[in-house]
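>>> Could you work out the structure for the sequence below:
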Amino acid sequence: MAILPYASAGICSIASACDFSERPKVVLGEFEFPTMGHAWLAQQGRGPQVEFVRAGGEAIPFSSYERSIDRHTRITAVTHVCFNNGHWSPVREIVNKAHGEGAWVLMDDYQDCGTRPANVRSLEVDFYVTGSLKYLLGPPGLAVSRSKRRRDSRSAGRDPLQGG
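The predicted model follows:
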């Protein structure tokens, strides 16, 4: 668990620590908060191929993620709830597909944290980022990042370029 000044710092730390040499693909939906895309696109000089999963109207169906996540995917970044229209992402299905392909999942919960009970461990995401400003009614400048402990060969392979 890391305490951060803002959620994007957590996302950027995770992105900067990923090794893309064997798995160059990063999958994220087009409903992500803009800084999620910015963080991954900024890494392109190190080799990742960023693929945006397109929405079908006001939702991104799981089938769209299912087509994009494959054995080349290093990480799938997903928002729990879209900042723009309130769409709930099919997180459980995305996690199952990504883990089945050997990929990680980063969940941005900033737009949902505090609106309903949540059990981050039960979702089995590998990385979790949220902030206190919205529905936790906290102050600006306070966010958290959580990562599962790794005991396998899928470790990121790099030290983060920044941290909180």
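>>> Please make it C-alpha for all contacts and neighbour counts, starting now.
Noted.
>>> max-length strand in this structure?
strand 73-79 (DSSP state E).
>>> in the protein, which spans are strands?
2-4, 25-29, 49-53, 73-79, 104-108, 127-131, 143-147.
>>> can I get the ones you listed in a markdown table with mean neighbour count?
Listed next are the strands of the chain as a markdown table, based on neighbours: other CA atoms under 10 Å:
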| stretch | mean neighbour count |
| --- | --- |
| strand 2-4 | 16 |
| strand 25-29 | 24 |
| strand 49-53 | 19 |
| strand 73-79 | 26 |
| strand 104-108 | 26 |
| strand 127-131 | 26 |
| strand 143-147 | 20 |
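>>> would JSON lines of these with distance to Arg67 and mean pLDDT be doable?
Shown next, in JSON lines, are the strands of the chain (distance: least, CA to CA, whole Å; pLDDT from 0 to 100):
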{"stretch": "strand 2-4", "distance to Arg67": "33", "mean pLDDT": "89"}
{"stretch": "strand 25-29", "distance to Arg67": "10", "mean pLDDT": "97"}
{"stretch": "strand 49-53", "distance to Arg67": "9", "mean pLDDT": "97"}
{"stretch": "strand 73-79", "distance to Arg67": "11", "mean pLDDT": "96"}
{"stretch": "strand 104-108", "distance to Arg67": "16", "mean pLDDT": "96"}
{"stretch": "strand 127-131", "distance to Arg67": "22", "mean pLDDT": "95"}
{"stretch": "strand 143-147", "distance to Arg67": "26", "mean pLDDT": "91"}
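>>> Ok, which of those comes nearest Asp19?
For those, proximity to Asp19 was assessed by CA to CA; strand 73-79 is nearest, at 8.2 Å.
>>> which residues sit against the longest strand of the chain?
Here strand 73-79 makes contact (CA atoms under 8 Å, 6 or more residues apart in numbering) with 18, 20, 23-29, 31-33, 36, 69, 89, 91, 98, 101-109.
>>> which residues of this structure score low on pLDDT?
By pLDDT under 70, the low-scoring segments of the chain are 149-164.
>>> try 50 this time
For the chain, the stretches flagged by pLDDT under 50 are 151-155, 163-164.
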